[in-house]
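J.: Here is a sequence with its predicted model. Questions after.
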Amino acid sequence: MQSVELSLDHFIKIWETSPANFPKFNRFYSEAEKLEREYNFEQIQEKMKAMQSRSAIKKLRNSNPESKFFPVFRSFLHDIFDFEQAHLEIILSEEFRNVSKDFFYQAREFGPELSPENIYQGLRNVWIMNGLQLMMNIPVEITPSVFAYSMIYPYSDNYLDDPNISGKEKQEFSVRFNLRLHGENVQPENHTESQLFQLVGMFEEQYNRADFPEVYESLYAIQKGQTDSLKLSKQSGLADAEIRRVCFEKGGASVLADGYLVAGKLTQKQEQALIGYGIYLQLLDDIQDLKEDSDAHTNTMCTSLETLELGEFVNRTIHFGRAALEEMKCFNAPNVDVFLSLMNRSIETMIIESVGLNNSGFTGSYMDEIEKSSPLHFEFIRRKKSESKSQRLAMFKKYFEQAKPEQIAKLSYF
């Protein structure tokens, strides 16, 4: 899409002019405040663990789970991470709870072979698309396209990331998938392709190709971004500017497709804003996956940086993200400012946490400075990360292993 190329140029200029100085955050946390939040964290974690036993889950299924889970989750968000009341009204709204439940149920029906982790992977994209529905004054729900696009991630990403599948096989897969995206009648070569081709059919069910050509152009753009990302092997010898463009293209095209699959039509300003939002999320992913990408010899914008440069990269990412989210104000939902505040708060919290988890990559002075804006000590975060995965995921896995499909439909507290 020509609009993607123009928007990439626009955001590359914003990146190049984003300052590398340390950003100002809303607040710092004292030693006493961190210790208080860590105590609250431990208490809430114990309550979450108590909900994970088989007997507790059985009781939740036979009662009103919302009365048990949501007060605990609200405390987690408010008492530890200081999310505002207006933010909590969005996160914990009935609309968002219902779509999460519906997605789990539909995902289980469509792909019984998928693990809970796979479904959570898709759910992250559902939440992005639900947020866009909110910002566009569109009902927050699981449409055929919301479901299909969110399910593409567990299938295509896992296939392309599988080290046991050769580069040649991945290239051939990309060619066949691209043909199917363009409406060709392609025979799938394996189960993954069969599932993906069915998901493309769901797009076609909701959006006629003749009436909504931009929907499919956005899908071609994300497919091109995914294919180009195969060039990010360190053996490819790409220059820094080329790596940046590939990373920006992949992230920007992904959220642009979210927007078109939610709305069918977008203005030029909305297109550009969504591309910027997608780039910001890609930069977040690169920071979160710094160690994994380095170990896998995958080039991203930050894997080749020196220790001192990494701190500056995080600073620029935050400044860039704030500028990119300002452009999202082109959406005119009544509560757009509240939602953008929630988005920025959530992303910056994840960036700060990611720095703490990748502590060997940053200077000690940078770690000390950014830790002041973390509600928890970095050492505490690393310890909790090493102890267990998400408590919500652990609870869901126990339920998932026992429940029948009709029972999953009752699970509304995720």
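T.: Okay, I see it.

J.: which element is the most centrally placed residue in the chain on?
T.: To find the centre residue of the chain, average its C-alpha atoms and take the closest one (Cα atoms, centre = their mean): that gives Arg124, at 4.8 Å. Counting by DSSP states H and E, the element that carries Arg124 is helix 116-135.

J.: Send me that helix as CSV with only the CA atoms.
T.: Once side chains and other backbone atoms are set aside, the C-alpha atoms of helix 116-135 remain, and they are given as CSV (Å, rounded to 0.1, in the frame of the first residue of the first chain):
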residue,chain,number,x,y,z
PRO,A,116,-3.8,-22.1,26.4
GLU,A,117,-0.6,-20.1,25.7
ASN,A,118,-1.6,-20.0,22.0
ILE,A,119,-5.1,-18.7,22.8
TYR,A,120,-3.6,-16.0,25.1
GLN,A,121,-1.4,-15.0,22.2
GLY,A,122,-4.4,-14.4,20.1
LEU,A,123,-6.3,-12.7,22.9
ARG,A,124,-3.7,-10.0,23.1
ASN,A,125,-4.7,-9.0,19.5
VAL,A,126,-8.4,-9.3,20.4
TRP,A,127,-7.9,-6.6,23.1
ILE,A,128,-6.1,-4.3,20.6
MET,A,129,-9.0,-4.7,18.2
ASN,A,130,-11.6,-4.2,20.9
GLY,A,131,-9.8,-1.0,21.9
LEU,A,132,-10.1,0.2,18.3
GLN,A,133,-13.8,-0.6,18.3
LEU,A,134,-14.2,1.5,21.4
MET,A,135,-12.3,4.4,19.8
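
J.: so the next helix or strand after it versus helix 116-135, what angle?
T.: Following helix 116-135 in sequence order, the next helix or strand is helix 144-152 (DSSP H and E). Relative orientation of helix 144-152 with respect to helix 116-135: 140 degrees, computed using axes from the mean of the first three to the mean of the last three Cα atoms, to 10 degrees.

J.: State the distance from Pro144 to Glu204.
T.: Pro144 is 9 Å from Glu204, where distance means Cβ to Cβ, to the nearest Å. Just so you know, the C-beta spots here come from the backbone N, C-alpha and C atoms, and that holds for glycine as well.

J.: now do Tyr220
T.: Counting by Cβ to Cβ, the separation of Tyr220 from Glu204 is 14 Å.

J.: repeat for Ala221
T.: Taking Cβ to Cβ as the criterion, Ala221 is separated from Glu204 by 18 Å.

J.: Kindly report the same for Ile318.
T.: Here the distance between Ile318 and Glu204 works out to 40 Å (Cβ to Cβ).

J.: Can you check which helix is longest in this protein?
T.: Longest among the helix segments of the chain by residue count, using DSSP state H, is helix 240-263.

J.: by contact count, what packs against whichever helix or strand comes after it?
T.: Past helix 240-263, further along toward the C-terminus, the next helix or strand under DSSP H and E is helix 268-288. On a contact count with 3 or more Cβ pairs under 8 Å, 6 or more residues apart in numbering; DSSP states H and E, helix 268-288 meets helix 2-17, helix 240-263, helix 307-326, helix 336-357.

J.: Go through whatever helix or strand comes next after the shortest one and flag the buried ones.
T.: Spelled out, that is helix 2-17. Read in the C-terminal direction, the helix or strand following helix 2-17 is helix 31-50, with elements assigned using DSSP H and E. The neighbour-count criterion (16 or more other Cβ atoms under 10 Å) identifies Lys34, Arg37, Glu38, Asn40, Phe41, Ile44, Gln45, Lys47, Met48 as the buried residues of helix 31-50.

J.: can you list the residues you listed in TSV and add distance to Gly131?
T.: Compiled in TSV, these are given as follows (distance: Cβ to Cβ, whole Å):
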residue	distance to Gly131
Lys34	30
Arg37	26
Glu38	30
Asn40	27
Phe41	26
Ile44	25
Gln45	27
Lys47	28
Met48	25
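
J.: hey, which helix or strand in this protein has the poorest pLDDT?
T.: Scoring the helices and strands of the chain by mean pLDDT, DSSP states H and E places helix 405-408 at the bottom, with a mean of 41.

J.: Leaving out sequence neighbours, find the closest residue to Ala86.
T.: For Ala86, ignoring the flanking residues on the chain, the nearest one in space by Cβ to Cβ, 6 or more residues apart in numbering is Val338 at 4.8 Å.

J.: just Ser229 next, same as before
T.: Spatial nearest neighbour of Ser229, chain neighbours left out: Lys250 (5.1 Å); criterion: Cβ to Cβ, 6+ apart.

J.: what do you get for Lys385?
T.: Residue nearest to Lys385 in three dimensions, not counting chain neighbours: Leu357, with 6.1 Å by Cβ to Cβ, 6+ apart.

J.: Surely that neighbour is in contact with Arg383?
T.: No - using Cβ atoms under 8 Å, Leu357 makes no contact with Arg383, being 10.9 Å away.

J.: neighbour count winner among those two?
T.: Leu357 (17 against 11; other Cβ atoms under 10 Å).

J.: need the contact list for the nearest residue to Ile128 once chain neighbours are set aside.
T.: The shortest distance from Ile128 to any residue other than its chain neighbours is 5.7 Å, reached at Asp258 (Cβ to Cβ, 6+ apart). Neighbour list for Asp258: Asn125, Ile128, Met129, Leu132, Tyr149, Leu274, Gly278 [criterion: Cβ atoms under 8 Å, 6 or more residues apart in numbering].

J.: Adding pLDDT, write those residues out as a markdown table.
T.: A markdown table is the format used below for the contacts of Asp258 (pLDDT from 0 to 100):
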| residue | pLDDT |
| --- | --- |
| Asn125 | 90 |
| Ile128 | 90 |
| Met129 | 94 |
| Leu132 | 93 |
| Tyr149 | 94 |
| Leu274 | 96 |
| Gly278 | 95 |
